[in-house]
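**Student:** Can you look at this prediction? I've put the sequence above it.
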Amino acid sequence: MTDPIFHVIADGPRPVAPFSHAVEQGGWILLTGQMPTDPAAPDAPLPEGIAAQTRRVMDNLEVVLKSLGLDLSHVLQCRCYLTAFDRHFAEFNAAYQSYFPADRRPARTTIGVTALAVGALVEIDCVAKRPDKAG
Amino acid sequence: MTDPIFHVIADGPRPVAPFSHAVEQGGWILLTGQMPTDPAAPDAPLPEGIAAQTRRVMDNLEVVLKSLGLDLSHVLQCRCYLTAFDRHFAEFNAAYQSYFPADRRPARTTIGVTALAVGALVEIDCVAKRPDKAG
Amino acid sequence: MTDPIFHVIADGPRPVAPFSHAVEQGGWILLTGQMPTDPAAPDAPLPEGIAAQTRRVMDNLEVVLKSLGLDLSHVLQCRCYLTAFDRHFAEFNAAYQSYFPADRRPARTTIGVTALAVGALVEIDCVAKRPDKAG
């Protein structure tokens, strides 16, 4: 448990920059912000609209978590970035909230940004924690 | 200590989106970004000006922390978001710094954003740590 | 290990706002976002261009880490903020990635922001972890 683990997932979402998909130490996992790209077709056009892009981002976070033996129930916090905040906030929330039970919602911060990689409308990063036994 | 605790505070600041007020695990607390809304009158207009909104945000963070038996002295880091960075940065800092002793200032990052929920001028989220005995 | 340590580094990069350079608890270190200022000449003009500013920011993070007996190999996550995302992203990545071995890249999120302190083009904050023995 002394050293950080730099998780790079062979069949994960294609990195858009020099980063690991997630880094883990002492059971804490810091996940790189995910984009709405398709791991199976990273050069394909992005899904259309904020709802579809939000679902793809969440699905990509799940891909990363799953490769670590985890899932969204281990996520404690999300930071969400929207390039058209006022236009997309409501629809983003509707898509986002379907991924979490109402009594286990991560802490969250959502802000409007000027731009994201690959021209995405939304990016989300998160903090997860491995259950203590496995930590 | 194995499971995360999803803190939702009955009389806390009204959530503007699907999130818990704070999520805790192993004594670490990740607080959702707070808005300058009034917990007692969430539909009232926001306070006018960056100084008043900053104070309200800090007060709301204190409400959340207090409900967990904590206070601002347990905050290790703040991330601050301003919708009019150049215009408000100095006044924001003046209001913000009154909440922390000069020798116990949290790590901090402050950035300019395009928009925040409820049309706020400022949002702040933070990381706190419960003293180890109580962790 | 019970209390947070608020690190303020006497000869470190000059704080542009009321914050500590880093705050530490239980071996986790939360670093304040660093600016591209010169610790030895904080009033000098910023370096020109995104590559030079990125290198200065990374160098400043190293100054802070070094004063804690750490270095970039202890960094688990970076959050990066660019004021001209589309124009600078590629060049930023090139400068950034020279600081990390390809198999030990921190998790990362990079977003476009409207403004940063001191008119900087780039700011980076990070999370580091002290090796367990020393934690």
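**Tutor:** Looks like it arrived, so ask away.
**Student:** Secondary structure element holding residue A:59?
**Tutor:** helix A:50-67 (DSSP states H and E).
**Student:** Touching that helix from outside, list them.
**Tutor:** Residues from elsewhere that reach helix A:50-67 (C-beta atoms under 8 Å, 6 or more residues apart in numbering or on different chains): A:7, A:9, A:12-13, A:21-22, A:29, A:31-32, A:34-39, A:46-47, A:71-72, A:74-75, A:82, A:84, A:87-88, A:91-92, A:94-96, A:99, A:120-124, A:126, A:128. For glycine as for every other residue, the C-beta is placed from the backbone atoms N, C-alpha and C.
**Student:** Would you mark the buried spots in it?
**Tutor:** Within helix A:50-67, the residues that count as buried by 16 or more other C-beta atoms under 10 Å in any protein chain shown are A:50-51, A:53-58, A:60-65, A:67.
**Student:** which bits of chain A sit near chain C?
**Tutor:** A:1-4, A:6, A:8, A:17-23, A:25-26, A:30-33, A:79, A:81, A:113-117, A:123, A:125 (C-beta under 8 Å from any C-beta of the partner chain).
**Student:** ok, now with 6 Å
**Tutor:** Within reach of chain C by C-beta under 6 Å from any C-beta of the partner chain, chain A has these residues: A:2, A:4, A:6, A:17-20, A:22-23, A:25, A:30, A:32-33, A:81, A:113-115, A:125.
**Student:** partners of the nearest residue to residue A:20 once chain neighbours are set aside in the sheet?
**Tutor:** Distances taken as C-beta to C-beta, 6 or more residues apart in numbering or on different chains put residue A:6 closest to residue A:20, at 4.3 Å, once the chain neighbours are dropped. Applying DSSP bridges to residue A:6 yields these beta-bridge partners: residue A:23.
**Student:** OK, contacts around residue A:6?
**Tutor:** Residues near residue A:6 by C-beta atoms under 6 Å, 6 or more residues apart in numbering or on different chains: A:20, A:23, C:104.
**Student:** quick check, nearest of these to residue B:132?
**Tutor:** Closest to residue B:132 out of those is residue A:23 (24.2 Å), distances taken as C-beta to C-beta.
**Student:** Could I get the pLDDT score of the closest one?
**Tutor:** Per-residue confidence (pLDDT) for residue A:23: 98.
**Student:** is it true that it touches residue C:107?
**Tutor:** Yes. Taking C-beta atoms under 6 Å as the definition, residue A:23 is a contact partner of residue C:107 at 4.5 Å.
**Student:** Please identify every residue contacting each of those two.
**Tutor:** residue A:30.
**Student:** got the contact list for the residue nearest to residue A:108 when sequence neighbours are not counted?
**Tutor:** Among residues not flanking residue A:108 along the chain, residue B:19 sits closest, at 3.8 Å (C-beta to C-beta, 6+ apart). Listed by C-beta under 6 Å, 6+ apart, the contact partners of residue B:19 are A:105, A:108, B:32.
**Student:** how about a cut-off of 10 Å?
**Tutor:** Contact analysis of residue B:19 by C-beta atoms under 10 Å, 6 or more residues apart in numbering or on different chains lists A:77-78, A:80, A:93, A:96-97, A:100, A:105-110, B:6, B:8, B:32-33.
**Student:** which of those count as buried?
**Tutor:** Taking 16+ other C-beta under 10 Å as the criterion, what is buried in the contacts of residue B:19 is A:77-78, A:80, A:93, A:96, A:100, A:105-110, B:6, B:32-33.
**Student:** Do a quick rundown of the strands in chain A.
**Tutor:** Per DSSP state E, chain A carries strands over the ranges A:5-7, A:22-25, A:28-34, A:75-82, A:107-112, A:122-129.
**Student:** Contact partners for residue A:8?
**Tutor:** So residue A:8 contacts A:15, A:19-23, A:67, C:102-103, C:105 (C-beta under 10 Å, 6+ apart).
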